[in-house]
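> Could you look at this predicted model? Sequence included:
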Amino acid sequence: MFTPEFINHEKNEYVLVANHSLENQEAINLSLQFNKARIAFGNAHLPEHISSCRIIYDIRGQSLPAATIAQVSKTLESLCIVEFKR
């Protein structure tokens, strides 16, 4: 079973929220692996018309360098729209 945070039917989009620590490379790698698998699983189990994914990283309370944000965005951009909540 796959349950996204919510589905926006007007945009045919599902939304995921990631509240992960990104404060070291090991944590970044784990988060990226987890979310790539989560997106692939979601794409396989949602109706075909829900064709787009948006992931929102909740990074409040973390002091992250721009390079970390860029790494996460670049890694996931081919799979989904990536946003960060500060």
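Good, I have the coordinates. Numbering: from 1, shown residues only.

> How far off centre is the lengthiest helix in the chain?
Secondary structure assigned by DSSP state H gives helix 25-45 as the longest helix of the chain. Distance, stretch centre to chain centre, for helix 25-45: 8 Å (C-alpha atoms, centre = their mean, to the nearest Å).

> For that helix, which outside residues touch it?
Helix 25-45 is touched from outside by 1-2, 4, 14, 16, 18, 20-22, 53, 55, 68, 71-72, 75-76, 79-80, with contacts defined as C-beta atoms under 8 Å, 6 or more residues apart in numbering. For every residue, glycine as well, the C-beta is placed using N, CA and C.

> Make a ChimeraX selection of the buried ones in those.
Command for ChimeraX, covering only those of the contacts of helix 25-45 found buried under the criterion 16 or more other C-beta atoms under 10 Å:
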select :4,14,16,18,20,22,53,55,68,71,72,75,76,79,80
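
> Just the helices from the chain, written as ranges.
Secondary structure of the chain (DSSP H): helices at 25-45, 66-76.

> Please tabulate these in TSV and include distance to residue 10 as additional columns.
As requested, the helices of the chain are exported to TSV (distance: least, C-beta to C-beta, whole Å):
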stretch	distance to residue 10
helix 25-45	18
helix 66-76	23
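
> Out of the ones you listed, which is closest to residue 85?
Evaluated over the helices of the chain, closeness to residue 85 peaks at helix 66-76, with 11.8 Å, by C-beta to C-beta.

> Which strands or helices does that closest one pack on?
Of the remaining helices and strands, those touching helix 66-76 by 3 or more C-beta pairs under 8 Å, 6 or more residues apart in numbering; DSSP states H and E are helix 25-45, strand 81-85.

> so how far is residue 39 from residue 46?
Noted for residue 46: a distance of 11 Å to residue 39, by C-beta to C-beta, to the nearest Å.

> go on, residue 50?
Distance from residue 50 to residue 39, counting by C-beta to C-beta: 12 Å.
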